Every structure is written in C-alpha cells, then in structure tokens.
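[1] Turn this into a model:
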Amino acid sequence: MKPVRLPAAATLALPRWGLVALCLLYILPGIIRRDPWKVDDASGFGIMWTMAHGSLSDWLVPNIVGMAMPNEGPLTHWIGGLMILLFGWVAGDALAARLTVLVFFAIGATSVWRAAFVLGRRAEAQPLKLAFGGQPAALDYGRTLADGALLIYVACLGLLLRSHETAAPALHVSLVAASFYAGASLFDRPSHRSAAGLGVALGLLTLTHAWLVPLGLLLAFGIASALYYRQALSRLLAITAPIALLLPGAWLLARHGLGDDSGGLAWLSDSLQRFAWPTRGRLIYLLKNLFWFSWPAWPIAAWAVYAWRAQPTLHIVLPSAGLAALLLLALFTHGASHFEMLALLPPLAILATFGLPTLKRGAINAIDWFSVMTLSAIAGFLWLGWIAKQTGWPAQLARNAFRLAPGFQPEFNAFALAVALAATGGWILLLHWRLGRRPPVLWRAVVLSTGGMVLCWLLMMTLWLPWLNYSQSYAPVALQIEAHLPQDYRCVRTEGLGPAQRASFAYLGQVRFARRDDEPCEFLLVQEDRPRRNKDPQAKKIDANMTLLWQGRRASDRHESFRLFQRNSP
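    Model prediction:
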C-alpha cells in the first residue's frame with residue numbers, strides 16, 4: 001500500500017513569481033563588486049579570459065596564458081569565453097564571465113524541478129484516494145513535489161559557494177541534474193528524442209570535467225532499466241551511449257588535429273589515476289563531510305527510501321540508482337572530491353521531495369527548529385561581526401576580524417545595508433508565517449532551510465563582501481607587480497606560480513607571461529609557499545644573474561609570498 005494519504009490543500013504550489021524571486025535572491029548576490037577569488041574561481045576565470053582573448057588552440061586546449069590545464073574540460077570555459085566576448089566590452093571581463101553562474105544555476109534549478117515534476121505526476125507516485133474524495137490532482141501533486149525538490153536543492157549547504165564560482169563545478173552539478181531530468185523523461189515515456197536528450201546531457205557533462213561521473217550514471221540508468229523498465233534499455237544502448245561518446249570524441253579529435261595528442265590522453269587518464277580502492281580514511285572523510293554538505297536533503301531522502309521500501313517505483317528507483325552509483329564513485333576516487341560530492345545533490349533533492357509527504361510532524365518540527373536556531377545564529381553573527389568591523393565593538397570580535405585581514409579598511413555602503421536589512425526583515429516575516437500559521441503544504445518542512453540559506457548568503461555578499469574581497473583577491477599584489485614592471489618589457493617567466501595566481505596577475509595586473517617554456521624573458525616571478533609547521537620559508541634557488549626587484553604577499557595570507565627578479569644585462 002502507498003505510504004501517502006493527503007488532502008488537496010497540502011498541494012498548494014508556490015507562486016511562480018515567488019519561486020523565481022527566491023532563486024534570483026540566491027544566485028544574484030556576489031556577482032558584482034568582486035574580483036576573481038583565489039583557487040577555483042580565479043583559475044576558472046583565467047581559462048575563460050585566455051580563450052576570449054586567444055586563438056583557436058586556446059579554445060580547444062584549456063590553459064591560463066600558456067599554463068596548461070590538462071585536467072580541465074572545455075565546456076564551462078567555452079561558455080565563459082563566449083560571455084566575455086558578448087558582454088565584456090560593456091560589463092568588464094570579470095563580470096561578464098561571472099554571468100555564467102546565472103546560466104549554470106538556471107540549468108540546474110530547472111532540471112531538478114522538471115525531473116521531480118515528471119516523476120511526481122506519474123500514477124504510482126500519487127497519494128491514496130480518500131474515502132470521500134478531496135485528494136490532489138496528479139498535476140497539482142507533481143508541481144508541489146517539484147517545488148519541494150527545488151527548495152531542498154537550494155537549501156543544500158554544499159551548493160552555496162560552488163554555485164557562485166566561475167568554475168567547472170558550478171556547471172558540473174547542473175548537468176548532473178539535467179541528466180536526471182533527461183533520464184526521468186526517457187523512463188517516463190521512452191522515445192528516440194528522450195534517449196538523444198540523455199545522450200546530449202551525458203556528453204556535455206563529460207566535456208565539463210571528466211568521463212567517470214557520466215559513465216557511472218549511464219551504467220546506473222542501464223541497470224535500473226534492465227531490472228524494472230526494459231523498454232528504455234534498447235534506446236539507452238543504441239542512442240544514448242553513442243551520442244554521449246560522440247560529443248567528447250569530437251573535441252578530442254579537434255585537439256588531435258592541432259597535434260595535442262598528449263594533452264587529450266592526459267585528460268582521459270586523469271579519471272583512471274584518481275580511481276583507487278576505498279580506504280578507511282576516505283570513508284571517514286565522506287561520512288563527516290556529507291552530513292553537512294548535503295543537509296537537509298540526506299535525512300529526508302533516507303526517509304523517502306524507507307517509506308517507499310515496499311514499492312520500487314520509478315520515482316524511487318531512478319534517483320536511488322543514480323545516487324548509489326555516485327556514492328560508489330565518491331568512495332572509489334581520491335582528489336577533486338567536490339565534483340563527486342556535488343554530483344550527489346540533484347538525486348538527493350529529487351529523492352528527498354518524495355519523502356516530504358510521509359514525514360511525521362515531529363520530524364518536520366525538528367528540521368524547522370534546527371534551521372531556525374542554526375541559520376538565525378549564523379545571521380546574527382554576521383550582523384554582529386559587521387557592527388564590530390564598523391564600530392570596534394565588541395572589541396574582541398573586531399580584533400579577530402582585523403587579525404585575519406591585516407590592513408583592511410572598513411567601508412560603509414548604504415545600499416548594501418538596505419538590502420541586508422530588507423533580507424533580515426523578510427526572514428522574520430517568513431518565521432512568523434511558518435511558525436505562526438503552520439501551513440499544511442508539503443514543502444513547509446524545508447522552506448525555512450531555504451530561506452535561511454538565502455539570508456546568510458545575502459548578508460555575506462552585502463555586509464561582508466568588502467572584507468571577503470580583500471582577503472580572497474590578489475588585486476593588491478597584482479598592482480604591486482605591475483608597478484615594478486616597465487612599459488616595454490617582453491615577458492615574465494614563472495616558477496612555482498599557481499593557476500589562480502597566474503590568472504589574477506594576468507588580468508588584474510596586466511602581466512605578460514611567457515607562453516612557451518623556451519621563450520626568453522627579462523623577468524622571473526617566483527611563488528613560495530611557507531610550510532604551515534615550519535617558520536622558515538623554503539626559498540627557491542635563483543640564478544645569480546638575477547636581481548631582486550620586489551617581494552610581497554597578500555596581507556591576509558602569511559604562508560604565501562612572491563618575489564620578482566630582473567635578469568641582469570650581459
């Protein structure tokens with residue numbers, strides 16, 4: 001017997017404008033008024049910027065001003081490079097590249113909603129008919145479940161930062177969601193079109209990062225089809241798999257035409273090199289991090305599997321099969337774990353929404369109060385920290401903030417303050433509506449988690465953005481390097497310089513780096529990373545024919561330093 005018994009009043013869907021507004025409040029903050037940040041954000045932008053201002057080879061072979069990035073797929077950076085070409089002249093290259101996060105998030109959010117809707121409108125997912133009628137209509141029930149899936153997806157803690165970066169993980173998680181939507185469409189109504197759509201989604205997912213996750217999803221869908229829905233299996237084998245191979249194959253063939261066989265082989269072998277037998281440490285790492293990374297999706301998804309355990313229907317089988325495959329991949333791979341962990345969020349959100357109708361009142365109250373207490377405390381701390389930076393009170397909190405970013409000068413922005421106050425007021429109204437009226441709608445268990453997540457991100461990207469920009473950007477160092485270089489120099493060679501640093505200095509400081517190893521240059525830029533447990537830096541040996549021009553570091557980073565040398569004239 002189905003575990004769901006609901007009246008029609010429980011399937012009140014969110015207004016479309018409200019859902020769109022919530023998504024925009026989540027994704028828009030942080031797009032403007034900030035430089036590319038260290039690590040993935042800056043390195044991803046660097047590849048996009050190189051493509052937009054480079055040649056055909058730069059578009060086919062990802063690199064950062066000549067620094068090869070053999071493990072990077074091209075699709076994310078193709079989209080970013082195109083955005084720079086289209087909008088860079090009016091918005092600036094950094095802002096134009098950051099517009100990609102809107103595209104990526106729209107793909108992921110729409111795909112999660114559509115996948116849950118396709119699965120939720122099916123007959124086996126419907127609640128039991130009530131004795132005197134009044135049960136929800138199939139389409140209304142599907143829309144409500146889709147709203148719940150999107151709210152759960154946005155509320156996941158692990159999605160927050162990665163979805164706002166100009167890097168491959170933002171598109172990777174969205175194309176995983178698109179693959180589940182395409183898979184749900186294929187299993188719901190098998191056709192050549194739906195099979196081709198799944199093949200395109202898996203092929204694009206491969207072009208985003210690597211082939212391991214797409215292969216895992218294809219195998220999971222194939223096993224699910226063979227066990228439960230055999231009418232889709234032939235289309236998976238005859239249409240989906242060839243198309244999924246064709247898209248990355250075309251890219252590798254184009255690289256071969258440029259003579260870059262070694263780079264293509266390095267990209268193909270990267271996944272195999274990261275594949276390893278699971279270890280105890282890896283298992284402990286996943287258990288520790290998945291608890292918060294996928295909150296609040298994982299407990300509700302686990303409950304959904306338990307509640308529907310007697311009926312292996314499509315809305316449980318499909319996301320569960322994909323989730324099991326992705327969990328195994330996360331367990332059997334090492335390094336770059338954020339890709340594997342992010343891939344878990346779409347199937348978890350889709351699966352979790354089918355647990356919402358069966359949640360007990362005590363579980364709903366527990367999720368609500370956890371969200372209220374935790375997210376309200378975080379929001380209060382963000383407000384208190386901002387007050388401390390502006391006024392110096394509380395003194396200890398102000399000292400801690402300035403110690404983490406020495407030299408930071410607080411700035412007051414009336415518009416940012418107004419947005420933060422409005423967001424906080426909206427959070428209070430949401431609490432009053434949810435806890436005061438106790439609406440019977442299905443998505444009531446996760447609306448506070450989503451609203452609190454949006455509030456915390458808004459506060460960070462308004463009140464704390466200047467501090468974060470100061471501590472995460474390489475702009476001050478880039479400008480210092482630019483000031484010590486003459487106008488007519490040929491190029492700068494590097495030693496130990498990372499991808500994020502190279503991208504930041506090339507864009508923010510207009511540093512002309514050597515594109516080839518054998519290119520003669522007058523200057524050498526060295527990056528040295530001080531070991532965290534050793535007070536003495538491991539200085540790199542420099543040719544005696546070089547003169548030190550400048551040395552410095554970011555004020556907020558005591559472990560990373562840079563030195564600029566000039567080659568002496570013969």
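[2] tell me the contacts of the residue most central in space within the chain?
    Central residue of the chain (Cα atoms, centre = their mean): R162, 2.9 Å from the mean position. For R162, the contact set (Cβ atoms under 8 Å, 6 or more residues apart in numbering) comprises P169, A170, V173, H338, L342. Any C-beta I mention is one placed from the backbone N, CA and C, and that applies to glycine too.
[3] Kindly report the same for A125.
    Here A125 is in contact with L119, Y141, G142, L145, T313, L314, H315, F354 (criterion: Cβ under 8 Å, 6+ apart).
[4] most surrounded residue in the contacts of R162?
    Within these, V173 tops the neighbour count with 31 neighbours, counted by other Cβ atoms under 10 Å.
[5] now that residue, nearest residue through space, not along the chain?
    Excluding the flanking residues, the one nearest V173 by Cβ to Cβ, 6 or more residues apart in numbering is L342, at 4.2 Å.
[6] what kind of secondary structure is G407 in?
    At G407 the chain is in coil, as set by DSSP: H, G, I helix; E, B strand; the rest coil.
[7] Make sure it is actually in contact with A555.
    Yes - counting by Cβ atoms under 8 Å, G407 does reach A555; the two are 4.5 Å apart.
[8] who has more neighbours, the two?
    A555 (15 against 10).
[9] leaving aside the residues next to it on the chain, what's closest to L245?
    Leaving aside its sequence neighbours, L245 sits nearest to G203 (Cβ to Cβ, 6+ apart; 7.4 Å).
[10] Then that neighbour would be within a strand, right?
    No - the assignment for G203, made by three-state DSSP, is helix rather than a strand.
[11] so it sits right up against P242, yeah?
    No - the pair G203 / P242 is not scored as a contact, 9.7 Å apart, by Cβ under 8 Å.
[12] In terms of neighbours, single out the busier of the two.
    Between G203 and P242, G203 has the larger neighbour count (other Cβ under 10 Å), namely 26 against 13.
[13] quick one: contacts for the more buried one?
    By Cβ under 8 Å, 6+ apart, the contact set of G203 is P214, I243, A244, L245, L246, L247, P248.
[14] Closest to G281 out of those residues?
    Taking Cβ to Cβ as the measure, G281 sits nearest to P214 out of the contacts of G203, at 27.0 Å.
[15] Can you tell me the closest non-neighbouring residue to the closest one?
    Spatial nearest neighbour of P214, excluding adjacent residues (Cβ to Cβ, 6+ apart): L202 at 4.3 Å.
[16] still on that earlier bit, how near is the residue nearest to L245 to L217?
    With distances taken as Cβ to Cβ, to the nearest Å, G203 is found 12 Å from L217.
[17] next one: P440
    Counting by Cβ to Cβ - P440 and L217 are separated by 36 Å.
[18] can you check R33 too?
    37 Å.
[19] who's more crowded, these two?
    L217 (26 against 14).
[20] Quick check: phi and psi at the residue nearest to the centre of the chain.
    Here is the backbone geometry of R162 (degrees, to the nearest 10): phi -60, psi -30.
[21] what about R437, neighbour count?
    A total of 9 residues lie near R437 under the criterion other Cβ under 10 Å.
[22] And L236, by the same measure?
    24.
[23] you'd agree it is up against A224?
    No - applying Cβ under 8 Å as the test, L236 and A224 come out as separate, 9.9 Å apart.
[24] Now do the buried residues in the helix ranked longest in the chain.
    Counting residues, the longest helix in the chain under DSSP state H turns out to be helix 361-391. Buried residues in helix 361-391, defined by neighbour count with 16 or more other Cβ atoms under 10 Å: 364, 367-368, 371-372, 375-376, 378-379, 382, 385-386, 388-389.
[25] helix or strand right after that helix?
    Next in sequence after helix 361-391, counting helices and strands by DSSP states H and E, comes helix 395-404.
[26] Check the offset of that next one from the chain's centre.
    When distances are taken as Cα atoms, centre = their mean, to the nearest Å, helix 395-404 is centred 30 Å away from the chain's centroid.
[27] ok so, going back, model confidence over the longest helix of the chain, on average?
    For helix 361-391, mean pLDDT is 91.
[28] and if you look at stretch 275-287?
    On average, stretch 275-287 scores 83.
[29] And for stretch 217-230?
    91.
[30] buried ones in that stretch?
    Neighbour-count burial for stretch 217-230 [16+ other Cβ under 10 Å]: L217, L218, A220, F221, G222, A224, S225, Y229.
[31] So which of those residues are in helices?
    Those of the buried residues of stretch 217-230 lying in helices (DSSP H): L217, L218, A220, F221, G222, A224, S225.
[32] out of those residues, which one sits closest to A94?
    Nearest to A94 among these is L217, at 33.2 Å by Cβ to Cβ.
[33] so the closest one touches A178, yeah?
    No - assessed by Cβ under 8 Å, L217 is found out of contact with A178, at 10.8 Å.
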